[in-house]
Structures are given as structure tokens and as C-alpha cells.
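In: missing the sequence, but the structure's below:
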């Protein structure tokens, strides 16, 4: 069964929704206009319940099937990124410095497409809970929605989500059982010395050699402390210090992203980060302040639900259009919070050639939306058949 005929029929309408969302991007939890647009469409479709204001702008909508049965959860993220768009498309962002550079406009559209189909046909038992989530990029909206009780409140038994991926053939589904995306932590380090004239370094305590030494030493964590068979990343992504060529600054700042899959490795990375920063700072005579943010956990797919999801994906894309044993990747995703509480699966959907995610020239491919909407719809019908 390829793309569902009914969904193919309203694919042009889906493209209109997506382009409207693309032109009106919003950040983090402030997805007010996006949520209003989603609610307006859901009311047009005739869904049974719409619950707004979860995690500020999140929505859970319920569609009742035929007869008693479980509730399956389908999630789409809605937020954009603080990037100035460079696509040149007619429907480019109208908000300066903000754009949908990760395709969440497409994810929202795919779930709306599934909602339209499921509300019309209702060829399933039980209920489907449509989860429209803010703040995936920053803020952990998935965690907040879980903390606000959506899984228990709506009796959601399992959860599924899709994310588009460029450079993968259009319509191909890619996933893997077990860990698929990494846990992500972020550290900010402030080093304080004693500033002064650049001509008299002996009268100063220079934080710049210290911050450079720390940046280099942190690279030994993965190469010398982590088991080579365990994946981990420690990347220094920012260094800031100084204001002029003849001034030794008082402070220097460093930021790093730390990623892993194994909980023990994650704890090791944090411990060694603190030890190295403290030790190198002491050796250079500066003080160190560390703000270490324990971020999104690893996204871990459940084996049984992953097998089921790939079987459904093969109905949409054909057996050759599904990769069910893809490798892990070091990106992060707050759908992980839902998968910690309920069994489910996270999949990638190919959208063909084009700029990568988080690039200023990125554009969601509207031709991918019918594949994603068909997958979601068929997933519900196969999981909870009449």
C-alpha cells in the first residue's frame, strides 16, 4: 500500500498549510500563532477533543475510533530556530532572524494530514492522541508535556514520531531499535584571573592560556577515558575573551556540548569535565565556575514497536524504502522523554537532496508530507484495527 489515495488527494492543501507555517515561524514555547492555526484546522476536521495550553502552547487532540480500545500517541514538534532564512522562496519567513530550518513546519503538516484522514475515516478502534509540541529545539517541551501529565491524562499507551532528513531519498524511512539519538549536555565555563596591560603579563593572571589549555585537555576525555566501543562526543563550541590587542582580560568563557548514549559514560563525561577544568584552572592560577546542564536523555526506541513501525513504513514506501538497522547518531531529540515513559519508536523520513538541517537555505520538501501522513494514518489503523 503506497501513499494513501485520500491523503494524496489533499496533498496540495497540505502544502498550503506547510507554507503558511513556514512563513510564520515561532520560537520555543511561544508558538501561539502556530497553535492557533493547528486548532483551527483540527476544528475543521471535526476531531472529538482539543486540549490547549499544555506546556504553554502545546495541544493534544483526540479522535475517537470505532469501539473500545487503547490510545496511540502521535507527536509533531512546532517550533522554529533563530536563523535568518536564505532560501529565497516565495513563502520565506516573515519574522526577522527566525525560520523553520529543521522542518517542524513539515512535521506539523504531516500530523495534520493524518488527523484529517483519521477524522474522516475512523477505521480504527480506541483513540488516537495527536500531540503538537512546542520547544523541541530549546526548552524541552516534550519533558514539560510529560511532566504536565499528558500520558496518564489521556491514557496514551505508546508513542511514535517522525523527523525529516535531507540527503536520504524521498519517502525512505530510516530507524533502528535501541538508542537512535544521543543524550546531550551543555557546559558553560567562566575563568577569572586578573586583567591588566598586555605589556606587563607578569602583573596579571591571564585567563586566555588557561581557556586554551582547557579546550585542548577536554579532548582527552573521549580519547583516553571513554571505552573506544562506547560512543561519546565532547566539542568545545565557543571561546570568548578579550576586548583589545593591548589588554589582558579579566575573564575568559568556554562552552561545550557533551553527547553520549550510555548512562555510565554520561556520568563519566561529567565527572572528568569538572576534574579537568578544575585542575587546569588551578595550574594556571585562575578560578573556574562551571554551569553544567544535564539536558535531553538519549532517544531509545523500543524493539517491538520499532519492528511494528518498520512493517507499517514498508506498506507506505515498499520494503526497499525502509532501513530498519540504521546506525546511531549524535544529534539529540526531546521525544526521548516520551519514550522513557511509554514504548514507541522514532523514525526519520527522507526528503531528498538539499541543504541540511539547521542550515539557512534548508527547505522542507512538500512531496515528503504525504508519506509521513500516510505512515501515521496507517500506523493507527494497523495498531488498532476494527
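Out: Nice, I can see it. A quick note: this is a predicted structure, and the numbers were derived from the prediction, not measured.

In: and the closest residue to residue 64 other than its chain neighbours, what pLDDT?
Out: Nearest non-adjacent residue to residue 64, counting by Cβ to Cβ, 6 or more residues apart in numbering: residue 48, 4.8 Å away. Placement of C-beta: from N, CA and C, glycine included. Reading off the confidence values, residue 48 has pLDDT 98.

In: my read: residue 48 touches residue 65, true?
Out: No - in this structure, residue 48 sits apart from residue 65 without contact. The criterion is Cβ atoms under 8 Å, and the distance is 10.0 Å.

In: thinking again about what came up before, what number of residues lie near the residue nearest to residue 64?
Out: Residues within reach of residue 48, counting by other Cβ atoms under 10 Å, total 14.

In: For it, which residues are in contact?
Out: By Cβ atoms under 8 Å, 6 or more residues apart in numbering, residue 48 lies in contact with 62-64.

In: Could you name the helices and strands sitting against the helix or strand hosting residue 346?
Out: Here residue 346 sits within strand 344-350, counting by DSSP states H and E. Here strand 344-350 is seen to pack against strand 156-165, strand 173-174, strand 299-301, helix 303-317, helix 369-383 when contacts are counted using 3 or more Cβ pairs under 8 Å, 6 or more residues apart in numbering; DSSP states H and E.

In: Output the lowest mean pLDDT helix or strand found in this protein.
Out: When each helix and strand of the chain is scored by mean pLDDT, DSSP states H and E, helix 5-9 comes last, with a mean of 93.

In: Which strands border the helix or strand hosting residue 256, and is each parallel or antiparallel?
Out: Following DSSP H and E, one finds residue 256 within strand 251-260. Taking DSSP bridges as the criterion, strand 251-260 sits next to strand 183-192 (antiparallel), strand 232-241 (antiparallel) in its sheet.

In: Give the rounded mean pLDDT of the first one.
Out: Okay, so that is strand 183-192. Strand 183-192 carries an average pLDDT of 98.

In: buried residues in it?
Out: Of the residues in strand 183-192, those buried under the neighbour-count criterion (16 or more other Cβ atoms under 10 Å) are 183-185, 187, 189-192.

In: Next: stretch 30-48.
Out: Residues 31, 34-35, 37-39, 41-42, 45, 47 are the ones in stretch 30-48 that count as buried (16+ other Cβ under 10 Å).

In: Just put the residues you listed in TSV and tack on distance to residue 238.
Out: Converted to TSV, the buried residues of stretch 30-48 look like this (distance: Cβ to Cβ, whole Å):
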residue	distance to residue 238
31	27
34	30
35	32
37	35
38	35
39	38
41	40
42	41
45	45
47	44
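
In: Need those in TSV (columns: distance to residue 309 and secondary structure).
Out: Formatted as TSV, the entries for those read as follows, by distance: Cβ to Cβ, whole Å; DSSP: H, G, I helix; E, B strand; the rest coil:
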residue	distance to residue 309	secondary structure
31	26	coil
34	26	helix
35	27	helix
37	28	helix
38	24	helix
39	28	helix
41	25	helix
42	24	helix
45	24	helix
47	23	coil
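
In: for the residues you listed, which one is nearest residue 217?
Out: The shortest distance between residue 217 and any of the buried residues of stretch 30-48, using Cβ to Cβ, involves residue 31 and amounts to 40.6 Å.

In: Now do the phi/psi pair for that closest one.
Out: phi -90, psi 50 (degrees, to the nearest 10).

In: Show the contacting residues for it.
Out: If a contact means Cβ under 8 Å, 6+ apart, then residue 31 has 56-57, 78-79, 134-135 as its contacts.

In: and if we set it to 10 Å?
Out: Residues in contact with residue 31 (Cβ atoms under 10 Å, 6 or more residues apart in numbering) are 21, 25, 37-38, 55-59, 77-80, 104, 108, 132-135, 141.

In: Now for the residue found closest to residue 314 once you drop the neighbours it is linked to in the chain, how many residues are close by?
Out: Setting aside the residues directly before and after it, residue 314 is nearest to residue 322 in space (Cβ to Cβ, 6+ apart), at 4.9 Å. The local packing count at residue 322 equals 20, with neighbours defined by other Cβ under 10 Å.

In: ok, now the one 4 residues further on?
Out: Applying the criterion other Cβ under 10 Å, we find 15 residues in the vicinity of residue 326.
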